[in-house]
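>>> Predicted model and sequence below, questions to follow.
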There are 2 protein chains.
Amino acid sequence: MLTGQYSNTFDEKGRLLIPSKIRNELAGDKVIVTSGVDKCLWVYHPAEWEKVVGEIMSSTSQFQSKARLLQRRIIAPAVECDIDSAGRIRIPQPLRESAGLSKNAMILGIMNYIEIWDPEQYNSYLDESESQYLEAAELLGDVLASRNGG
Amino acid sequence: MLTGQYSNTFDEKGRLLIPSKIRNELAGDKVIVTSGVDKCLWVYHPAEWEKVVGEIMSSTSQFQSKARLLQRRIIAPAVECDIDSAGRIRIPQPLRESAGLSKNAMILGIMNYIEIWDPEQYNSYLDESESQYLEAAELLGDVLASRNGG
DNA sequence: TATATTTCTACCACTTTTTCCCACTAATCT
DNA sequence: AGATTAGTGGGAAAAAGTGGTAGAAATATA
């Protein structure tokens, strides 16, 4: 199901363990890691990543400024990472820095992709977005209720 | 896959290393370097470059002022550069200047071409376009959500 | 025109990084 | 408790990156 929230650390060689529960759902020995829209990393199974790239590349052209933004900020940072025999990945320094990652990392499984956050960044994100979250929940409630003819 | 984001420097001889991950995808020992639409350089595999030229030339005529602009600013500056045995290219001074490049360079892989930026130029570009980027991302999200029947 | 000087290019050797693999420890399941 | 799976750390081999040197080409000079 690819969910779960874990707290791991990068070792001295910059390797991060993908928890086995998540790893087993991923299937395969490669993942794509890229920079997320918030201050975190997004990790995809190669097949899922192909969908995202296809969506961006096929519906845009490099001669459109918004397309270039998406390409530069989402596609360009993407790196293919091998999962080693012990289930770890090595994330290149620039990507780690872009998400403000140092030693510790939170790993969130979100159905068809994974997020990696620096714990402190994640906590301040949660704090700052509290009211937005409550709004989003209300909104979702409205949609679901009306769908049920409520 | 030809993606990835790297930070390299021109050496005293004006050589810039193309990171191996990108180089392996490029295949071959020649690239075409030209001036990009934002303040950066665009680097293509010769075959990809032919496609871009074809697209520009076939959809425009030299009797249209806008076409002449595209031809002069994208096609004219193009230069063929050799990749040396260590994977480095030498970019002619005028091209480097046109992108504001001095010592340091950011190299972005964007699927079928590469961008080279001066790091400071790139950071200010990112800053200035932040809100546009978030808009574009939301828009992409809407498209994907509606496709899922959301 | 021959020689000297400079610039450019290709190649080589060293250093650093990355990758791959193995061995050990800890945790979980039966 | 023993067996199996998960997690941790380290070492060796390979690949990538860096700087330099020597040779070729081009330009300038006598």
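Thanks, I have it. Keep in mind that this is a model prediction, so the values were computed, not measured.

>>> Chain A: helices as residue ranges?
In chain A, helices defined by DSSP state H lie at A:20-26, A:46-58, A:65-70, A:93-98, A:119-128, A:130-147, listed in chain order.

>>> Any figure for the gap between the closest residue in space to residue A:71 that isn't next to it in sequence and DNA strand D?
Closest residue to residue A:71 apart from its sequence neighbours, by C-beta to C-beta, 6 or more residues apart in numbering or on different chains: residue B:110 at 4.9 Å. Glycine gets a C-beta too; all of them are placed from N, C-alpha and C. According to C-beta to the nearest atom of the strand, to the nearest Å, residue B:110 stands 18 Å off from DNA strand D.

>>> Likewise for residue A:84?
If you measure residue A:84 against DNA strand D using C-beta to the nearest atom of the strand, the figure is 7 Å.

>>> ok, how many other residues are close to the nearest residue to residue A:11 once chain neighbours are set aside?
Beyond its immediate neighbours in the sequence, the residue positioned closest to residue A:11 (C-beta to C-beta, 6+ apart) is residue A:88, lying 7.9 Å away. The local packing of residue A:88 (other C-beta atoms under 10 Å in any protein chain shown) involves 19 other residues.

>>> do residue A:115 as well
In terms of burial, residue A:115 registers 18 neighbours under the definition other C-beta under 10 Å.

>>> who's in contact with it?
Contacts of residue A:115 were listed using C-beta atoms under 8 Å, 6 or more residues apart in numbering or on different chains, and they are A:36, A:40, A:41, A:42, A:43, A:106, A:107, A:108.

>>> wait, what's in contact with the second one?
When contacts are counted by C-beta under 8 Å, 6+ apart, residue A:40 touches A:99, A:115, A:116, A:117, A:118, A:121, A:122.

>>> how much space between the nearest residue to the third one once chain neighbours are set aside and DNA strand C?
In space, not counting the residues next to it along the chain, residue A:116 is nearest to residue A:41; the distance is 4.2 Å by C-beta to C-beta, 6+ apart. Applying C-beta to the nearest atom of the strand, the value for residue A:41 to DNA strand C is 16 Å.

>>> what's the answer for residue A:1, then?
Separation of residue A:1 from DNA strand C (C-beta to the nearest atom of the strand) stands at 16 Å.

>>> quick one: that residue from residue A:26, how far?
Separation of residue A:1 from residue A:26 (C-beta to C-beta, to the nearest Å) stands at 12 Å.

>>> Give me the more crowded residue out of those two.
Regarding residue A:1 and residue A:26, a neighbour count based on other C-beta under 10 Å identifies residue A:26 as having more, with 21 against 8.

>>> Flag every residue of chain A that's near DNA strand D.
If contacts are counted using C-beta under 7 Å from any atom of the strand, the residues of chain A sitting beside DNA strand D are A:8, A:11, A:12, A:13, A:17, A:19, A:20, A:23, A:24, A:86, A:87, A:88.

>>> go with 10 Å
A:6, A:8-13, A:15-24, A:84-88 (C-beta under 10 Å from any atom of the strand).

>>> Which ones, among these, also lie beside DNA strand C?
Subset of those in contact with DNA strand C: A:13, A:15, A:20, A:84, A:85, A:86, A:88, counting by C-beta under 10 Å from any atom of the strand.

>>> Now, those that are in strands?
Using DSSP state E, the subset of those located in strands is A:15, A:88.
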